[in-house]
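Enquirer: here's my sequence, what's the structure:
(one chain, ligands or ions: 2)
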Amino acid sequence: ATPMALAVATGEASSLGVLIRDGEAFQELGKVDVVVFDKTGTVTHGRPRVVDHSLPPWALSAVLSLEARSSHPIAKGVCAFLTDLGVQQVPVEDQAEEPGRGVVGTVDGVRWFVGRPDGDRWDSWSREGLTVVEVRRDREVVGALALRDPLREDAKRVIEELVSRGIRPMMATGDSQEVASRVAAELGLQDWSFRMRPQDKLQLVNRLQSQGMRVAMVGDGINDAASLKGANVGIAMGSGLDLAIESADLVLVRGGLYGVVGAVDVSRSLTRIIA
Ligand code: ADP
Ligand code: MG
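Expert: Ligands and ions are numbered 1, 2, ... in the order given. This is a model prediction of the structure:
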């Protein structure tokens, strides 16, 4: 497109709350075949609240202290809940975030893990659509928390409008099969995958590309950074982490998820001008 046309389009996109970080990628957006959505913080608000838990009182301080250093939306929800209970932090050594899995750290010489469950023992919560966070101390399960993270109001409409434009929407989440299938059903999404680690999301994008498809990826977390970079067009939620935003070509700074549809339309009108 001419610099003039691109400038106009950039202005239109910006009025829809879409910030363009890479003009070439933006021009490609109108031609994408697939849009892959992350779940937590992308099709959901990303402000999960704890609605139930099975932790013994002696475990609460360690959980709070490990999660206090994580920037994941789940960690924020867990911390808000425990802080409201009056739980105090204790010192943690070697705390580390495992993207798409959880956090680890040492408290009083013992290794703790807070994050994605290994098995299916919390399935009754998952079947209710709750995201489960398991707590393990020295590899032994001590309990879990269940969180609810409502869908964004515009998510279903965004999916429908992409379909009506001939674009195939997909969802790739690190969360469990139960939660993923429930969210997919609520959104009317046919293509979805669960328990996806950051490298799995990237692999999915690459596989679609090797089948000849142009792919846009929408995400908000560190777990999405690689796939945002690998996609033809990476779109970050403005509420997302810096790493996600820095990895993206477009940023939805306001106006919610609907900016994806608006940006597709503006990009397509740009392509028509050049043709
Ligand atoms: P999504 O792909 O839906 O955005 P993530 O890949 O970020 O989800 O996380 C996948 C799963 O890993 C979560 O459902 C949760 O069980 C677990 N998890 C990741 N980070 C954390 C954390 N800081 N605290 C607790 N659980 C976490
Ligand atoms: Mg996310």
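
Enquirer: what number of residues lie near the closest residue to ligand 2 within the stretch 101-250 of the chain?
Expert: Nearest residue of the stretch 101-250 of the chain to ligand 2 (CB to the ion) works out as residue 221 at 3.9 Å. All C-beta spots, glycine's among them, are computed from the backbone N, C-alpha and C. Applying other CB atoms under 10 Å, we find 26 residues neighbouring residue 221.

Enquirer: then residue 253?
Expert: 16.

Enquirer: quick one, what contacts it?
Expert: Counting by CB atoms under 8 Å, 6 or more residues apart in numbering, residue 253 touches 17-19, 238.

Enquirer: among those residues, which are in strands?
Expert: Per DSSP state E, strands hold the following members of these: 18-19.

Enquirer: would you map out the domains in the protein?
Expert: 3-45+150-274, 50-148 (automatic domain parsing).

Enquirer: what's the pLDDT at residue 195?
Expert: Listed pLDDT for residue 195 reads 93.

Enquirer: correct me if wrong, but it is in a helix.
Expert: No: using DSSP: H, G, I helix; E, B strand; the rest coil, the assignment for residue 195 is coil, not a helix.

Enquirer: isn't it up against residue 178?
Expert: No: the criterion here is CB atoms under 8 Å, and residue 195 misses it with residue 178 at 11.0 Å.

Enquirer: number of nearby residues for the closest residue to residue 158 other than its chain neighbours?
Expert: Closest residue to residue 158 apart from its sequence neighbours, by CB to CB, 6 or more residues apart in numbering: residue 257 at 4.9 Å. The tally of other residues near residue 257 (other CB under 10 Å) stands at 22.

Enquirer: wait, what's in contact with residue 257?
Expert: Taking CB under 8 Å, 6+ apart, we find residue 257 in contact with 42-43, 152, 154-155, 158, 218, 237.

Enquirer: give me the sheet partners of the biggest strand by length in the chain and which way each runs.
Expert: Longest strand in the chain, counting residues (DSSP E): strand 140-148. Note on strand 140-148: by DSSP bridges, its sheet partners are strand 49-53 (antiparallel), strand 131-137 (antiparallel).

Enquirer: circling back to that earlier point, tabulate the contacts of residue 257 (JSON lines), appending neighbour count, distance to ligand 2 and pLDDT.
Expert: Below are the contacts of residue 257 laid out as JSON lines (neighbours: other CB atoms under 10 Å; distance: CB to the ion, whole Å; pLDDT from 0 to 100):
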{"residue": "42", "neighbour count": "30", "distance to ligand 2": "5", "pLDDT": "94"}
{"residue": "43", "neighbour count": "27", "distance to ligand 2": "9", "pLDDT": "96"}
{"residue": "152", "neighbour count": "18", "distance to ligand 2": "12", "pLDDT": "95"}
{"residue": "154", "neighbour count": "17", "distance to ligand 2": "17", "pLDDT": "95"}
{"residue": "155", "neighbour count": "24", "distance to ligand 2": "13", "pLDDT": "97"}
{"residue": "158", "neighbour count": "23", "distance to ligand 2": "16", "pLDDT": "98"}
{"residue": "218", "neighbour count": "30", "distance to ligand 2": "10", "pLDDT": "98"}
{"residue": "237", "neighbour count": "25", "distance to ligand 2": "8", "pLDDT": "95"}
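
Enquirer: could you list the low-confidence segments of this protein?
Expert: Applying pLDDT under 70 to the chain flags residues 273-275.

Enquirer: can you list the residues of it near ligand 2?
Expert: When proximity is defined by CB under 5 Å from the ion, the chain lies next to ligand 2 at 38, 40-41, 220-221.
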